[in-house]
Every structure is written in structure tokens, then in C-alpha cells.
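[1] Fold the following for me, if possible:
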Amino acid sequence: ADDGDERLPPAELVQRTASQYPNDVGVFVLYLLNYIRLSPGEGVFLAANEPHAYLRGQCVECMARSDNVVRAGLTPKLKDVDTLVDMLTYR
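    You can find the predicted model right below:
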């Protein structure tokens, strides 16, 4: 069982996330993102237009003043996949 202290293997992470978001194809992006676990007090920098997801726990996201949050999956909120695909950086 995942107690939050260990990093799940990718297949288990996808299975757990799929159970939380049934029928959401966004679950498959988990195979493409870097999977990291932050300890209390740690942080990570993400450049603008970089996809990311918080899967568990609490965090504070600091960003420039903006209203351009774009979602494509793993949320019950509005999903705008076309806009997200247009704005991502592909490196």
C-alpha cells in the first residue's frame, strides 16, 4: 500500500490515478512527465508553459500574475486541450 512515503512504480501510479479520475485519458500523460517526490521544505522550478500535475499532498505554486491556467486532464474543472497543445514548449 502507498503510505505517501515511497515512490510508486509507474504502473501503480497510473492505476491509482485512474481510480481517482475514471475515464480520463489524461492519466496516460503520467508516462511522459518526470515523476518527483518533494520532501517538506523542498521546491522545484518549472518554466512557463511546462505541463505539471500535483498528485498528492499540499503545495504552494508561485507564478506571475496571470489568469492563464490551462487544464487538459486529471481535473473536474474545464479542460482546454487545444489551447494547451498550442502553448506548450516542445524541446
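[2] Show me where this protein dips below the pLDDT cut-off.
    1-5, 67 (pLDDT under 70).
[3] Need the residue closest to the centroid of it.
    residue 53 (1.3 Å; C-alpha atoms, centre = their mean).
[4] so what's that residue up against?
    The contact partners of residue 53, by C-beta atoms under 8 Å, 6 or more residues apart in numbering, come to 29, 30, 33, 74. Every C-beta, even on glycine, is put in place using the N, C-alpha and C of the backbone.
[5] what do you get for residue 18?
    24, 27.
[6] Pop out the phi and psi values for it.
    Per-residue torsions, residue 18: phi -60, psi -30 (degrees, to the nearest 10).
[7] is it true that residue 78 touches residue 72?
    No: here residue 78 does not reach residue 72: they are 10.2 Å apart, not a contact under C-beta atoms under 8 Å.
[8] From the contacts of residue 53, which land in strands?
    Assignment to strands by DSSP state E places none of these there.
[9] Report the buried members of these.
    29, 30, 74 (16 or more other C-beta atoms under 10 Å).
[10] Kindly reformat the contacts of residue 53 as JSON lines containing distance to residue 16.
    Below are those laid out as JSON lines (distance: C-beta to C-beta, whole Å):
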{"residue": "29", "distance to residue 16": "15"}
{"residue": "30", "distance to residue 16": "10"}
{"residue": "33", "distance to residue 16": "15"}
{"residue": "74", "distance to residue 16": "12"}
